[in-house]
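S.K.: sequence and predicted model, in that order:
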Amino acid sequence: MKYLLIILALSSFTNTYAQVWNGKKCAVVITYDDAIDQHLDNAVPILDSLGLKASFYVTAFSGSVQNRLNEWKNLDKKGHELGNHTLYHPCTGGTGREWVKPEYDMRNYTVQRMIDETRMTNLFLQALDGKTKRTFAFTCGDMKIGDSSFINAMKKDFVAARAVRNEMHQINEIDLYNIDCYMVNNHTGEQMIEWVKKAIATNSLLVILFHGVGGGNGLDVSISAHQQLLTYLKQNEKDIMIAPMITVAEYLQSRQKIK
């Protein structure tokens with residue numbers, strides 16, 4: 001009888017823990033970086049056809065935003081998040097990053113310049129969607145100007161910030177201002193689906209980062225692989241909390257306050 005009670009208690013604990021994501025086994029956030037035409041042309045149609053909502057991390061000065069501003073504005077009306085991906089997409093230059101222009105090389109930035117440009121992007125996005133709560137995505141995964149972390153000065157500006165590391169974590173292990181993600185780089189649909197299966201098995205948060213979808217960026221995914229992943233997510237949404245980063249981050253906030 002004693003062992004039976006222990007087994008029942010463990011079973012109850014496991015079941016409760018497995019449903020920690022708003023009644024689901026895990027959470028998946030679909031994100032797209034840099035605001036390129038292929039997001040509007042190739043990603044949004046399949047997302048909308050499946051009823052899935054994603055986070056689009058917008059670089060405000062991107063060519064696509066300049067040329068198709070109303071289409072980017074309409075993403076909010078469809079339930080997608082317009083996230084902050086800076087004004088000019090600065091990155092730390094150097095060996096292997098010769099493509100970084102000197103004027104947007106973070107080695108030439110000050111912390112204040114980074115803060116000012118990022119807050120200007122928040123204002124621009126607010127003009128599009130009317131919202132003041134937002135999440136941020138570090139450009140190139142770079143989190144410091146020199147030795148200084150700039151996100152610390154902007155925690156009141158954002159609910160959360162997404163980094164770039166191929167990791168996933170359970171709900172009690174997540175730092176809202178350093179959320180990990182899996183970056184897609186010509187992965188197959190099957191490979192990405194394995195990430196989702198791992199998230200379900202471990203009751204973790206999986207954030208998926210897309211750049212190009214059927215072109216537009218060297219970090220690309222084929223249209224068919226992208227659709228295969230999204231279709232799998234839709235087919236398994238009974239087990240998966242699928243929502244934009246802002247929704248998941250606010251849910252995490254509420255959980256952390258309870259604790």
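M.R.: Received the coordinates, thanks.
S.K.: so what's residue 186 up against?
M.R.: Residue 186 is in contact with 219-222, counting by Cβ atoms under 8 Å, 6 or more residues apart in numbering. To be clear about C-beta, it is placed using only N, CA and C from the backbone, and glycine gets the same treatment.
S.K.: how about it, secondary structure?
M.R.: Per DSSP: H, G, I helix; E, B strand; the rest coil, the secondary structure class of residue 186 is coil.
S.K.: please report the distance of it from residue 168.
M.R.: 20 Å (Cβ to Cβ, to the nearest Å).
S.K.: that older thread, reformat the contacts of residue 186 as CSV; add secondary structure.
M.R.: As requested, the contacts of residue 186 are exported to CSV (three-state DSSP):
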residue, secondary structure
219, coil
220, coil
221, coil
222, coil
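S.K.: report the buried members of those.
M.R.: 220-222 (16 or more other Cβ atoms under 10 Å).
S.K.: from these, pick the one nearest residue 196.
M.R.: residue 221 (14.6 Å; Cβ to Cβ).
S.K.: my read: the closest one touches residue 210, true?
M.R.: Yes: using Cβ atoms under 8 Å, residue 221 is in contact with residue 210, at 6.0 Å.
S.K.: between those two, which contacts overlap?
M.R.: Common neighbours of residue 221 and residue 210 (Cβ under 8 Å, 6+ apart) are residue 184.
S.K.: ok, residue 198 to residue 84 distance?
M.R.: Residue 198 is 29 Å from residue 84, by Cβ to Cβ.
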